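Visitor: Sequence plus predicted model, see below.
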Amino acid sequence: MSLTESIHDKITTPIVKIPDSAQKTGIYDLTKEELGSPIELREGVSLRYLTPPDRKRWLLDRLLFGSDLTFLYGYFRQIMIGRKDAINGKFFDPRWIELSGGILDLLEGCEGKFQIEDIQNVISPKGPVVFAGNHMSVLETFVFSYFLVPHRRVTFVVKESLIKGYFGPIMRSRDPIAVGRDNPREDLVKVLEEGTNLLKKGVSIVVFPQSTRTRTFNTAEFNSIAVKLAARAGVPVVPFAIKTDFWQNGKVWKDLGSLYRDRKIHMKFGPLINPKEDPRKAQETLLNYVVSNLKNWNVEVISEKN
């Protein structure tokens, strides 16, 4: 059953009301539970999530002296349960939110420190959008769902190997757009055709316009596929920038690397970009948003001018 048809995908979590006091400060810090819930916006109030300073480290992680064993145990436990649910036809949006929140909690339990900013830009668009930004690790693929899905139907553009391997049942249940990455022209056509169809059905799409996940950012590898898709479908782009090298890419299995606990996790979402009138300018605005935030977080940016 598709993302646009299932009655089991309805979110029943109570709507979060932003208190009056937030209008005085102009910012409201969400709790973890609020982050994964529908939120009613207040004009002039920006939303963020910061890992609480008193967030306790998992006991098992302390007992194992900060090795990756606690993380690996929790990660595979989450994936095994989610995979079983997907095989049994029970992996709907509420379950996706639960799995994503479980991964976020696991990362925090292993000393991960999140700073997720301007979440109001995720919530405010009335219709479907294309989310677009840089891609650093598998972390964002898991965690994004926790605070995107409570507000809109969402899927991802993913590599074909993810729908065929161990993660396959989970990924296929989300109706992703799978690309091979061997033929960029074929990938572009597929993303434009399938993506436009999904967007017209009200499903938003997360696009990572890079050839691969990297800790550094090369502007030459950041293509315009997200802007082209949004322009063709007549929807806006919500830009994002992320720094997620806390969970490094693996050397043997890229989806499973080590944790680097001294690295803070940054995610930030920008205001809408309208690509219809001038796609080239929209691409420039998107790229500038990513680059400016990465530089603020001391991420190495490689450009043709360097």
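Guide: Perfect, thanks for sending it. Values in this document were obtained by computation on a predicted structure and should not be read as measured data. Numbers count the residues shown, from 1 in each chain.

Visitor: Next, the buried residues of stretch 150-162.
Guide: Pro150, His151, Arg152, Arg153, Val154, Thr155, Phe156, Val157, Val158, Lys159, Leu162 (16 or more other C-beta atoms under 10 Å). C-betas here are computed from N, CA, C, even on glycine.

Visitor: Ok, stretch 117-136 next?
Guide: For stretch 117-136, the neighbour count (16+ other C-beta under 10 Å) marks 117-123, 125, 128-136 as buried.

Visitor: Can you tell me the number of residues neighbouring Lys17?
Guide: 10 (other C-beta atoms under 10 Å).

Visitor: right, and it touches Glu40 too?
Guide: Yes - counting by C-beta atoms under 8 Å, Lys17 does reach Glu40; the two are 5.7 Å apart.

Visitor: Can you classify Tyr166 as helix, strand or coil?
Guide: Following DSSP: H, G, I helix; E, B strand; the rest coil, we place Tyr166 in the coil state.

Visitor: and what of Tyr28?
Guide: strand.

Visitor: Also Pro239?
Guide: strand.

Visitor: Give the ranges of residues in this protein that sit below the confidence cut-off.
Guide: Within the chain, the ranges that satisfy pLDDT under 70 run 1-8, 250-255, 304-306.

Visitor: Now the residue in it sticking out farthest from the centre: phi and psi?
Guide: In the chain, the residue that sits farthest from the middle, by C-alpha atoms, centre = their mean, is Leu63; the gap is 31.0 Å. Taking degrees, to the nearest 10, you get phi -70, psi -30 for the backbone angles of Leu63.

Visitor: Distance check, it against Leu69.
Guide: Remark: distance between Leu63 and Leu69 (C-beta to C-beta, to the nearest Å) = 10 Å.

Visitor: now Ala233
Guide: 45 Å.

Visitor: hmm, back to that, of the buried residues of stretch 150-162, which belong to strands?
Guide: Val154, Thr155, Phe156, Val157, Val158, Lys159 (DSSP state E).

Visitor: The last one - nearest residue in space that isn't next to it in sequence?
Guide: Meaning Lys159. Spatial nearest neighbour of Lys159, chain neighbours left out: Arg181 (5.8 Å); criterion: C-beta to C-beta, 6 or more residues apart in numbering.

Visitor: What count of nearby residues applies to that neighbour?
Guide: Count around Arg181 with other C-beta under 10 Å applied: 12.

Visitor: That one contacts Leu188, doesn't it?
Guide: No - between Arg181 and Leu188 there is no contact under C-beta under 8 Å: 11.3 Å.

Visitor: still on that earlier bit, quick one: which of Ala233 and Leu69 has more around it?
Guide: Ranked by neighbour count (other C-beta under 10 Å), Ala233 and Leu69 place Ala233 first, with 21 against 13.

Visitor: excluding its backbone neighbours, what's nearest that one?
Guide: That would be Leu199: by C-beta to C-beta, 6+ apart, it lies 4.0 Å from Ala233.

Visitor: got the contact list for the one you found?
Guide: Taking C-beta atoms under 8 Å, 6 or more residues apart in numbering, we find Leu199 in contact with Pro128, Val130, Ile205, Leu229, Ala233, Val235.

Visitor: same check, this time on Pro150
Guide: Taking C-beta under 8 Å, 6+ apart, one finds Ile11, Thr13, Gly36, Ser37, Pro38, Ile39, Ile97 in contact with Pro150.
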